[in-house]
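Peer 1: Quick one, what's the 3D model for this:
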Amino acid sequence: MTTVSRVKDQSMLKQVKAGDKIRFTAERSSEGITLTKIEKSK
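Peer 2: Okay, here's the model as predicted:
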């Protein structure tokens, strides 16, 4: 699945690359969805 979202901290993206399976925590606001935590799935 592909989605477009903001990230709270750009440095979180260094942990993952395109095609990685991930788990994430997100918050919804009037600006849209923001990912607050990203980790690779096993």
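
Peer 1: Residue 37: helix or strand, and which one exactly?
Peer 2: strand 32-40 (DSSP states H and E).

Peer 1: Can I get that strand as CSV, trimmed to CA atoms?
Peer 2: Extracted C-alpha coordinates of strand 32-40, given in CSV (Å, rounded to 0.1, in the frame of the first residue of the first chain):
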residue,chain,number,x,y,z
GLY,A,32,-3.5,15.9,7.5
ILE,A,33,-1.8,12.8,8.8
THR,A,34,1.7,13.1,10.3
LEU,A,35,3.8,10.0,11.1
THR,A,36,5.3,10.3,14.6
LYS,A,37,7.2,6.9,14.8
ILE,A,38,8.5,4.6,12.1
GLU,A,39,10.2,1.2,12.5
LYS,A,40,10.9,-1.7,10.2
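
Peer 1: Now do that strand: distance to the chain's middle.
Peer 2: Per CA atoms, centre = their mean, to the nearest Å, the displacement of strand 32-40 from the mean C-alpha position of its chain is 3 Å.

Peer 1: Which residues lie in contact with the residue nearest to residue 25 when sequence neighbours are not counted in this structure?
Peer 2: Spatial nearest neighbour of residue 25, chain neighbours left out: residue 37 (4.0 Å); criterion: CB to CB, 6 or more residues apart in numbering. C-beta here means a position set from N, CA and C on the backbone, and glycine is covered the same way. Residue 37 makes contact with 12, 24, 25 under the criterion CB atoms under 8 Å, 6 or more residues apart in numbering.
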